[in-house]
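Asks: A structural model of the following input is requested.
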Amino acid sequence: MGKIQLLSPRLANQIAAGEVVERPASVVKELIENCLDAGATRIDIDLELGGTRQIKLRDNGSGILKEDMPLALSRHATSKIKNLEDLEGVHSLGFRGEALASIASVARVTLTSSTGGEGWKATVDGREMDVDVTAAAHPQGTTIEVRDLFFNTPARRKFLRTEKTEFNHVAETVKRQALSRFDAAFQLRHDGKVIYSLKQADTLAEKQRRVATVCGSAFMDQALSIEAEAMGLRLSGWVALPTFSRSQADLQYFFVNGRVVKDKLVTHAIRQAYRDVLFHGRHPAYVLYLELDPKVVDVNVHPTKYEVRFRDGRSVHDFLFRALHKALADVRPDEQLPANELAQQPMGSEHAPLQQNMGLGYQSSPVTGVNEKIAAYQQLQQPAGSMSAGSGFAAQSSAIPKMEEMSAGNAEIPPLGFAIAQLKGIYILAENANGLVVVDMHAAHERIIYERMKQSRDQQGIQAQPLLVPQTIAVSDREANCAQEHNEVFSGLGFTVERMSEESLVVRQVPVMLANANVEQLVRDVLSDILMLQSSDRILASMDEILSTMACHGSVRANRQLTIPEMNGLLRDMEITERSGQCNHGRPTWTQMSLSELDKLFLRGQ
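Replies: Just a heads-up that it's a prediction; the model follows:
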């Protein structure tokens with residue numbers, strides 16, 4: 001080992017650049033954050049060769065004073081914090097004072113700015129950190145040009161990918177920043193071609209258009225709006241329905257006080273909320289905004305500031321889970337149906353088309369079929385708890401309105417319509433105001449039974465049984481302390497877990513449903529979750545898995561012939577059951593084919 005010596009400023013900046021500047025996208029992120037912190041309402045980004053040759057940003061922010069130009073390019077110089085109290089409640093996106101100095105140490109940087117009067121230009125070459133400031137014409141705001149990234153660090157340049165790959169990373173960065181701040185306009189150009197041109201979004205409709213532009217119109221068509229507030233936390237944004245799941249986690253945007261973050265605790269809470277409705281191996285899509293007091297979140301845990309640490313992570317996790325879980329559970333078939341003018345028409349005789357006799361051996365009234373369906377619907381209206389795995393689908397109601405009132409147009413078509421046939425003993429075909437509804441009867445019945453089993457468990461409490469021979473588990477001292485500290489988590493779910501010694505636990509009681517489960521592995525997994533995320537849902541997840549299996553075996557099987565009233569009873573139960581759009585395994589339970597889609601199949605009107 002050599003003697004200890006101070007690093008030169010240039011080498012120290014280049015080492016810092018290794019943490020902050022990974023690729024052109026990293027440069028763009030840091031520069032956009034500086035623009036937003038300066039109060040910019042318009043940001044123009046120009047790239048050449050994916051950003052490896054040139055990155056140029058112009059904003060209309062407050063600008064930089066002449067005497068501050070050299071400091072702006074110096075390490076650990078910032079206008080955003082002054083003391084420790086400022087660091088404990090950071091309101092700005094950038095605050096470390098490392099970004100510009102790190103970028104300038106590995107590229108050729110030109111900084112031009114004006115505060116509304118005279119403009120100034122500063123130029124820095126990565127080989128020499130001396131800043132030369134000269135007068136230059138410039139409107140209020142700042143323009144920064146970064147050329148030849150990593151020209152003086154060939155080892156770093158070798159790790160850059162192709163021009164297309166680097167540009168895709170920059171485009172993704174601009175997307176995130178555009179979603180984080182609707183009050184700013186963004187324009188991205190690559191090699192002279194405009195890629196994105198996003199105007200300021202002030203109204204809800206304009207915000208939705210921006211999200212649709214960035215995430216795709218299909219996302220907004222399948223998105224639920226979220227608004228929740230509790231305990232000083234506020235969550236807003238959009239989450240996609242489970243039917244719009246993704247094969248990769250590439251459409252997930254989460255912002256904490258306007259800052260883009262990727263946090264394990266947040267991801268776990270959202271995955272947990274989707275647990276019962278997401279198909280295996282699929283990922284949810286969302287654009288969510290969490291607002292909270294800056295003093296209860298630490299943004300200074302990673303050089304790139306993508307990670308944050310919450311003071312009370314468990315409360316944040318529980319709040320996110322409850323808000324999203326409720327939003328997804330409240331979705332009903334009528335909310336998933338497409339807008340259609342026919343959906344608002346009442347079931348009156350004047351709306352039934354006149355069917356000409358085609359010589360098929362029978363005469364049909366234009367009203368008879370509709371009235372029969374209305375009668376069957378009214379007979380099958382009932383409380384939610386009438387269907388079970390072993391009984392019929394529905395019980396008849398004693399209160400049946402007069403048919404004259406129904407025929408006069410006082411009744412609306414239910415969301416899933418009326419059953420008209422059963423196909424191959426697997427699917428129910430129903431007619432509603434929009435067209436044809438196809439229902440997987442096994443999947444639908446499975447979800448209904450599953451939800452009622454969970455509801456019954458929650459109402460009656462978890463039944464537990466003592467173990468004939470208590471099970472001892474060898475754990476680390478840290479895990480034993482965790483089990484002792486969070487004993488209420490286990491006891492609330494039917495477990496009795498006690499600490500035997502410094503490195504051992506004993507399980508004396510387990511839930512009845514988990515009597516045959518691998519208790520030791522389950523306890524270890526729960527402790528691991530609590531240590532990492534301050535929360536765990538593994539016990540409930542294991543119970544739900546067993547209930548799901550029971551519901552699967554107890555639901556109506558394929559090839560069982562159902563009567564029309566039984567089919568209608570199943571449709572009505574689906575309309576009042578939580579998460580009825582997916583079965584227990586995340587598969588869809590029903591789909592809608594509109595008249596226009598059916599017309600396209602048969603080339604009608606073409």
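Asks: hey, which helix or strand in the protein has the poorest pLDDT?
Replies: Ranked by mean pLDDT, DSSP states H and E, the helix or strand of the chain with the weakest confidence is helix 403-405, at a mean of 35.
Asks: give me the next element, helix or strand, following that helix.
Replies: Counting by DSSP states H and E, the next helix or strand C-terminal to helix 403-405 is strand 418-423.
Asks: need the contact partners of that following strand.
Replies: With contacts defined as Cβ atoms under 8 Å, 6 or more residues apart in numbering, strand 418-423 is touched by 373, 376-377, 428-432, 438, 441, 561-562, 564, 567-568, 571. All C-beta spots, glycine's among them, are computed from the backbone N, C-alpha and C.
Asks: please apply the same query to stretch 254-271.
Replies: 91, 93, 176-177, 179-181, 239, 252-253, 278, 284, 286, 288-292, 294, 297, 299, 305-308, 310, 313, 316-318, 320-321, 324, 532-535.
Asks: what mean pLDDT does stretch 528-536 have?
Replies: Averaging pLDDT along stretch 528-536 gives 81.
Asks: before we move on, what about stretch 268-276?
Replies: 90.
Asks: kindly report the same for stretch 41-57.
Replies: Mean per-residue pLDDT for stretch 41-57: 96.
Asks: buried residues, it. List them.
Replies: Buried residues in stretch 41-57, counted by 16 or more other Cβ atoms under 10 Å: 42-48, 50-57.
Asks: and those, which two are furthest apart?
Replies: Arg42 and Thr52 (25.3 Å; Cβ to Cβ).
Asks: name the single longest helix found in the chain.
Replies: Taking DSSP state H as the criterion, the chain has its longest helix at helix 441-460.
Asks: can you tell me what sits against that helix?
Replies: Applying Cβ under 8 Å, 6+ apart, the set of residues contacting helix 441-460 is 385, 387-389, 393, 422, 426-428, 543-544, 547-548, 550-552, 554-558, 562, 567, 570, 573-574, 577-580, 582-584, 587-590.
Asks: could you tell me which of these belong to helices?
Replies: Using DSSP H, 543-544, 547-548, 550-552, 554, 567, 570, 573-574 are the members of these that sit in helices.
Asks: quick revisit: please check the contacts of stretch 254-271 and keep the buried ones.
Replies: Among those, those scoring as buried are 93, 176-177, 179-181, 239, 252-253, 278, 284, 286, 288-290, 292, 294, 297, 299, 305, 308, 310, 313, 316-318, 320-321, 324, 533-535 (criterion: 16+ other Cβ under 10 Å).
Asks: ok, longest strand in this protein?
Replies: Longest strand of the chain, by residue count under DSSP state E: strand 464-474.
Asks: so the following helix or strand past that strand versus strand 464-474, what angle?
Replies: Per DSSP H and E, the first helix or strand lying C-terminal to strand 464-474 is helix 477-485. Taking axes from the mean of the first three to the mean of the last three Cα atoms, to 10 degrees, one finds helix 477-485 and strand 464-474 inclined to each other by 160 degrees.
Asks: which secondary structure elements does the next helix or strand after helix 477-485 contact?
Replies: Going down the chain from helix 477-485, the next helix or strand is helix 487-491, by DSSP H and E. For helix 487-491, the packing partners by 3 or more Cβ pairs under 8 Å, 6 or more residues apart in numbering; DSSP states H and E come out as strand 496-501, helix 519-533.
Asks: recalculate using a threshold of 10 Å.
Replies: Contact here means 3 or more Cβ pairs under 10 Å, 6 or more residues apart in numbering; DSSP states H and E; on that basis helix 487-491 packs against helix 477-485, strand 496-501, strand 504-511, helix 519-533.
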